[in-house]
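Q: Give me coordinates for this.
(chains A and B)
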Amino acid sequence: MLPEPTLNTYLALSAILFSIGTAGVFLRRNLITILLSVEVMLNAVNLTFVAVDRFLGTVDGQIIAFFVMTVAAAEAAVGLAIIIALFRHRESLSPDAFISLKW
Amino acid sequence: MDAVFFWMFAAVMVVASLLVVGQRNPMYSVLLLIVSFAALSGLYVLLNAPFMAVVQIIIYAGAIMVLFLFVVMLLNVRTEEDGAETHRPFDIGPGPRRFGAGLAVVLAVQLIWALRRIAEAPFVPAGPDAAAQTSVYAIGLRLFREYAFAFEATSVLILVAMVGAVILARRDPHLPTRKEQ
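A: Predicted structure coming up:
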């Protein structure tokens, strides 16, 4: 039979997801996929908040996770707007195309 | 029964996240991330947090991912290498990238090693009043009393992000695009 999940199991799952997101930021060469990897990392942190919340029997973790979500929405909107503005100049999404500060 | 669902959702989430990172086509990445978010929503239900589960689907899968899909379709970039050949003063190269990925694996090993050192912490079984403790009513009371200022500050943040996104993505008539140059 499968072992019953404890707080440690949830934290380990969250750590694995966070590392997958980190690896994505390093490995991918597409600005959109890099932003998606950041979303994976944010969700791993949210899972930690809600799991600890369940362990302590409070709702504060859920409220903080809710704030993380709204900040993620703002980050996605501004990040995608920057990507569109960059794509208009270089016709490319590779981070290697944007190494100069001024052009 | 909960254990079966937990391992199922956890497996779906890890596999979907790995595929998000492994895909070359951003379209598939976005769709797989929605699968990952659905599994995470299931985990929230198991954690006795129905509010977070619903918000996860509505805001993340519903709003943010649709925004990503819009941009992927608007820019119409099929794979990573499309258009990346022309402008490349110097390539970062695969070496540092592999080094970064190795560091990510080291991070995972370190975190799990640290977690194995702390004592096993089983959850207290949910009592009869557990549903009332984490209901939307309880969250709302706490959100609009203790966290009222943070909530209002968030609304200002979103307004600023909205205005910033419109200004950033606007076509500047004075600035020539690459095609016109």
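
Q: contacts, neighbours, all on C-alpha from now
A: OK.

Q: Just the buried residues of the lengthiest helix in chain A, please?
A: Secondary structure assigned by DSSP state H gives helix A:60-90 as the longest helix of chain A. Neighbour counts over helix A:60-90 (16 or more other C-alpha atoms under 10 Å in any protein chain shown) mark A:60-88, A:90 as buried.

Q: Remind me what that helix packs against, helices and strands.
A: Judged by 3 or more C-alpha pairs under 8 Å, 6 or more residues apart in numbering or on different chains; DSSP states H and E, helix A:60-90 is in contact with helix A:31-56, helix B:65-75, helix B:136-145, helix B:148-169.

Q: quick one, the first one and helix B:65-75 angle?
A: Note on geometry: by axes from the mean of the first three to the mean of the last three C-alpha atoms, to 10 degrees, helix A:31-56 and helix B:65-75 are set 170 degrees apart in direction.

Q: Just give me how far helix A:31-56 sits from the chain centre.
A: Chain-centre distance of helix A:31-56: 6 Å, with C-alpha atoms, centre = their mean, to the nearest Å.

Q: any low-confidence regions in chain A?
A: Flagging of chain A using pLDDT under 70 yields the residue ranges A:101-103.

Q: Show me the contact partners of the worst-scoring helix or strand of chain B on mean pLDDT.
A: Least confident element among the helices and strands of chain B, by mean pLDDT, DSSP states H and E: helix B:130-133 (a mean of 72). Applying C-alpha atoms under 8 Å, 6 or more residues apart in numbering or on different chains, the contact partners of helix B:130-133 are A:G57, A:T58, A:V59, B:N48, B:A138.

Q: got a markdown table for those residues, with distance to B:I64 and neighbour count too?
A: Output for these, formatted as a markdown table (distance: C-alpha to C-alpha, whole Å; neighbours: other C-alpha atoms under 10 Å in any protein chain shown):
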| residue | distance to B:I64 | neighbour count |
| --- | --- | --- |
| A:G57 | 29 | 17 |
| A:T58 | 27 | 16 |
| A:V59 | 24 | 23 |
| B:N48 | 24 | 21 |
| B:A138 | 26 | 14 |
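
Q: which one among those gets closest to A:R28?
A: Proximity of those to A:R28 (C-alpha to C-alpha) peaks at B:N48, which lies at 35.2 Å.

Q: In three-state terms, label that closest one for me.
A: coil (DSSP: H, G, I helix; E, B strand; the rest coil).

Q: Give the full set of residues in contact with it.
A: A:R54, B:A130, B:A131, B:T134.

Q: switch the cut-off to 10 Å
A: By C-alpha atoms under 10 Å, 6 or more residues apart in numbering or on different chains, B:N48 lies in contact with A:V50, A:A51, A:D53, A:R54, A:G57, B:A126, B:A130, B:A131, B:Q133, B:T134, B:S135.

Q: distance of it from B:Y60?
A: Remark: distance between B:N48 and B:Y60 (C-alpha to C-alpha, to the nearest Å) = 19 Å.

Q: quick one: is the longest helix along chain B near chain A?
A: In chain B, with assignment by DSSP H, the single longest helix is helix B:94-117. Yes. Counting by C-alpha under 10 Å from any C-alpha of the partner chain, chain A has neighbours in helix B:94-117: B:94, B:96-116.

Q: Turn the buried ones among the residues you listed into a named ChimeraX selection, would you?
A: The buried residues among the residues of helix B:94-117 next to chain A can be selected in ChimeraX (16+ other C-alpha under 10 Å) with this line:
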select /B:97,100,101,103,104,105,107,108,111,112,115
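
Q: Among the contacts of helix B:130-133, list the two that are farthest apart in space.
A: Across the contacts of helix B:130-133 (C-alpha to C-alpha), the longest gap, 13.1 Å, separates B:N48 and B:A138.

Q: before we move on, back to that, quick check: of the contacts of helix B:130-133, which lies closest to B:V166?
A: Checking these against B:V166 with C-alpha to C-alpha, the nearest one is A:V59 at 34.9 Å.

Q: Contacts only, for that closest one.
A: Contacts for A:V59 (C-alpha under 10 Å, 6+ apart) come out as A:49-50, A:52-53, B:49, B:133-136, B:138-140, B:142-143.

Q: That concludes my questions; thank you for your assistance.
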